[in-house]
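**Q** For reference, the sequence and a predicted model appear below.
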Amino acid sequence: MNFELLFTRDAEVEVDRTIAYLAKRSPQGAAAWCNEWETALGELKANPLRYGLAPEATKYNIDVRQILFKTRRGRKYRALFTVVGRGVYVIHLRGPNQDLLRRGKLRRES
């Protein structure tokens, strides 16, 4: 049985900004990133609990997990999420070289 994916407004905006940024530089790169993103989302739907806690979880004592994925060029991205029942709440997308989120930014409702 699959989990349901739910996105905060922050996560939606971060994904849209990432795609727009990449598309300006390389439409092919943006398409490849979208394929990797879709693969990561499929893995979250199938079994989100197999992914470990994000660094923010230990720093702020919040149960937030992360899934990592990367581009062809090796740039790593992190999707931060929480699991509540059968729901997977994607709360943020972090790109290469972005700092950890501050405590006030880690919330399920946005």
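**A** Perfect, I can see it now.
**Q** buried sites along the helix or strand bottoming out on mean pLDDT in the chain?
**A** Taking mean pLDDT, DSSP states H and E as the measure, the chain has helix 55-60 as its least confident helix or strand, at a mean of 84. Neighbour counts over helix 55-60 (16 or more other Cβ atoms under 10 Å) mark 56, 57, 60 as buried. In short, each C-beta sits where N, CA and C put it, glycine included.
**Q** which sections of the protein are below the confidence cut-off?
**A** By pLDDT under 70, the weakly predicted segments of the chain are 103-110.
**Q** what residue lies at the spatial centre of the protein?
**A** The centroid of the chain falls nearest to residue 79 when counting by Cα atoms, centre = their mean (1.6 Å).
**Q** thinking again about what came up before, may I see the buried residues of helix 55-60 arranged in TSV, with distance to residue 2 as well?
**A** Formatted as TSV, the buried residues of helix 55-60 follow (distance: Cβ to Cβ, whole Å):
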residue	distance to residue 2
56	26
57	24
60	29
